[in-house]
Every structure is written in C-alpha cells, then in structure tokens.
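In: Output the structure for:
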Amino acid sequence: MIKYIGSKRVLIPELLRLIAGLKGVTSVVDLFSGTARVGHALKERGYRVHSNDVLAFAATFAMCYVETDLEDVEAEARSLIDEFNQLPGRPGYVHDTFAVASRYFRPENAARIDAIRAAIRAKSLEPRLEAVCLTALVEAADRVDSTTGVQMAYLKQLAPRAERDLLLRMPAVLPNQGQACSAQRREAIEVASELEADVYYLDPPYNQHSYLGNYHVWETIVLGDEPAHYGKACKRIDCRERKSAFNHKASAAAALAALLAKIRARYILVSFNDEGFLCEEQLLPMLRAHGRVDVARFSNTRYVGARIGIYNAAGTKVGRVGRLANEERIYVVECDADPLSCAIAAEADRPHHRTEAQLS
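Out: Here you go, the predicted structure:
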C-alpha cells in the first residue's frame with residue numbers, strides 16, 4: 001500500500017486488539033478510510049466492514065481492499081495487469097504536469113502512467129475490477145515517485161527509486177471472509193446519518209493539511225481528469241476549494257460534535273494525536289457526552305519531513321526541527337443506553353465518570 005502520512009499501519013495491531021476486546025462486535029464503519037489499511041485488516045479478521053472516504057483515490061482503495069473479494073476478480077485482474085505492464089509510454093497530462101512542469105516522476109514512467117490510465121478507461125471495466133487496476137497503477141506510481149511521502153512538493157533531485165521502471169503488481173485483495181463488505185465515496189456525516197454498526201472508527205484530519213493537497217497526484221490519476229493546476233507543486237485547482245471543516249481550527253470541534261451526534265453505534269473509536277487542532281481537554285467532554293471513555297496512548301515517530309529539516313524557497317536549511325515523535329491516542333467510547341443520563345454526566349463532569357485509562 002502507498003506511503004501515507006497519517007496512516008495507521010503501525011497502530012493496526014493495537015486497533016485490532018482494542019476492537020477484539022469489545023463485546024459482540026461483528027460490524028465496523030471506517031468513516032475516513034484513507035489507504036484502507038484499517039478496513040483491510042478488519043476484513044481479514046472476519047468483520048463486516050463498511051469503508052468510506054470523500055476522496056476518489058481513497059474510495060478506490062477501499063473498493064479494492066474492502067469491498068472486492070479476490071475470487072471474483074483475480075484471474076481477470078492478473079491478466080489485465082500483465083497486459084498493462086507491456087504498454088509503451090504515451091505522454092499525456094501526467095507526463096506534462098508531473099514530469100515536465102514538475103518532477104514527481106521520471107518522464108518515461110509518467111508517460112507509461114498516462115498510457116495505462118487511458119487503457120483502463122477504454123476497457124469500461126466493472127467497478128470492482130477497475131478499482132483493483134487503478135489501485136495497482138497508483139501503488140506502482142508510488143514506488144517510483146520522487147517525494148518524501150506527500151505531494152506538497154517533490155525532491156530537488158530524483159529519488160533513487162524514481163530511476164526504477166514502473167511495474168504494476170496485483171494488489172493484496174482478500175478472499176471473501178464470510179461477511180459482505182462495502183466501500184463508499186460520500187461525506188462522513190451523510191454515512192453516519194444512515195448507517196448503523198457495532199463500531200464506528202473515526203480517523204479525521206488533525207490539522208490544516210488537507211489529504212487532497214497531500215495526495216493530489218493520486219486523485220488526478222484515479223479520476224483520470226486534466227484539471228487546471230497552480231504553483232510549483234502543480235496542485236489541482238480544486239485543492240483550494242475542496243476543504244474539510246476538520247482542516248480549520250475554528251470549525252474542527254463543531255464538525256466532530258455534529259458527526260458524533262449522528263452516529264448510531266455501540267462503540268465509537270476516535271484516533272487523534274497530540275498535534276491536532278483539538279486538545280484532550282476539548283475531546284474528552286465531547287466524547288463523554290456519548291458514553292464512557294477510555295484512552296489508549298502510543299508513542300509514534302513523526303512524518304519523515306520532520307527529520308529532514310526545514311528549508312526556505314532557495315533550498316537553504318533554516319530553523320530547527322522540533323520533536324521527532326508524537327503521542328497517538330485512540331479514544332474508546334462505550335455508548336450509554338440512556339443518552340440523557342450520559343449528557344448529564346458529561347455536563348457535571350463528576351469524578352466517577354473520569355474513566356479514561358491508559359491501556360497501552
């Protein structure tokens with residue numbers, strides 16, 4: 001799966017442990033699914049998983065890794081991937097934008113991305129099979145890009161991996177695990193308003209950095225469009241327009257509160273860290289309004305850019321790097337059967353409701 005800031009790859013064992021410890025859980029909604037790592041791991045454990053993300057590339061990953069069953073697509077997908085790997089390059093938008101106007105890829109690889117994306121579109125594939133092929137293409141592009149893992153910028157010199165030739169591989173699609181899983185591309189609050197489950201897992205944006213801005217190249221490849229772009233990073237023009245309320249400090253708390261109010265679940269798990277817009281003093285009362293809260297805490301290495309350093313526009317290193325680790329937190333809310341008593345307890349913040357515990 002792709003490099004992804006905010007990925008819960010290292011926390012997945014703890015997430016699985018926490019969910020396994022909850023009583024009677026068979027269904028989980030992953031409301032901000034991102035790379036679909038969490039949904040993929042939950043499906044593998046036999047849960048009925050409903051993944052959602054508003055971004056096209058993320059919803060495509062979820063379609064591939066959560067909704068699709070291997071036995072339904074494997075033979076045709078492998079044949080198509082072999083076919084795509086034989087295609088010569090054909091320069092198009094990706095080549096012109098991300099290898100000439102900017103330098104995310106070596107030109108030869110960018111031209112082959114263009115050719116393969118056009119071939120996928122021309123085949124008019126069934127949605128799940130198309131999702132597998134698009135995921136294979138994006139993951140292949142990720143293995144030969146020239147970034148530190150986000151697409152707010154590219155490296156001044158091509159990364160060594162960018163010298164490799166683009167090569168598609170069959171994604172790690174899971175066989176049917178006995179439960180029907182699904183993937184959607186919708187606003188989180190719309191899904192929460194309609195879908196009930198045993199567990200809702202929330203991993204919303206923490207700060208001002210939008211995932212569309214961080215991964216605009218993947219969004220463009222998956223959509224297969226040719227958007228106007230701006231700046232040296234050649235970001236899609238809609239990066240300026242498609243902003244989440246979670247990406248603004250003034251609106252993040254209200255957005256989370258509104259979302260929590262719509263959720264119908266026995267348990268809510270919220271993933272956040274100590275660098276986000278919302279501090280624990282804000283989060284805990286908000287979550288206590290919905291039930292008893294426990295907190296699992298984990299030290300985590302920060303994004304690689306923090307270790308590289310801070311540079312000005314001329315490429316000169318300036319400033320000093322701050323801390324190299326943060327604290328990831330998973331808030332586990334056991335929703336009360338009586339919402340009124342729960343709300344009263346949250347308002348009073350009585351000592352016997354201070355149940356957050358360090359589970360790590």
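
In: Going by C-alpha atoms from here, please, whenever you check contacts or count neighbours.
Out: Noted.

In: Tell me the first helix or strand C-terminal of the lowest-mean-pLDDT helix or strand in the chain.
Out: Here the helix or strand of the chain ranked lowest by mean pLDDT, DSSP states H and E is helix 304-308, holding a mean of 49. Counting by DSSP states H and E, the next helix or strand C-terminal to helix 304-308 is strand 325-335.

In: helices or strands up against that following strand?
Out: Applying 3 or more Cα pairs under 8 Å, 6 or more residues apart in numbering; DSSP states H and E, one finds that strand 325-335 makes contact with strand 264-273, strand 291-301.

In: Just name whatever secondary elements the longest one is in contact with.
Out: Contact here means 3+ Cα pairs under 8 Å, 6+ apart; on that basis strand 291-301 packs against strand 325-335.

In: In the sheet, which strands lie alongside the strand it packs on, parallel or antiparallel?
Out: strand 264-273 (antiparallel), strand 291-301 (antiparallel) (DSSP bridges).

In: and Ala252, how many residues sit next to it?
Out: By the measure other Cα atoms under 10 Å, the count of residues near Ala252 is 22.

In: Assess the claim that it and Phe277 are in contact.
Out: Yes. Using Cα atoms under 8 Å, Ala252 is in contact with Phe277, at 7.2 Å.

In: possible to save the helices and strands packed on strand 325-335 as CSV with mean pLDDT?
Out: Below are the helices and strands packed on strand 325-335 laid out as CSV (pLDDT from 0 to 100):
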stretch, mean pLDDT
strand 264-273, 96
strand 291-301, 88
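
In: for those, which one sits closest to Ala188?
Out: The closest of those to Ala188 is strand 264-273. By Cα to Cα, the value is 13.2 Å.

In: Let me see the mean pLDDT of the helix or strand just after the closest one.
Out: Per DSSP H and E, strand 264-273 leads on to helix 280-288 as the next helix or strand towards the C-terminus. For helix 280-288, the mean per-residue pLDDT is 95.

In: can you give me how far helix 280-288 is from the chain middle?
Out: 24 Å (Cα atoms, centre = their mean, to the nearest Å).

In: buried ones in it?
Out: By neighbour count on 16 or more other Cα atoms under 10 Å, the buried set for helix 280-288 is Leu283, Leu284, Pro285, Met286, Leu287, Arg288.
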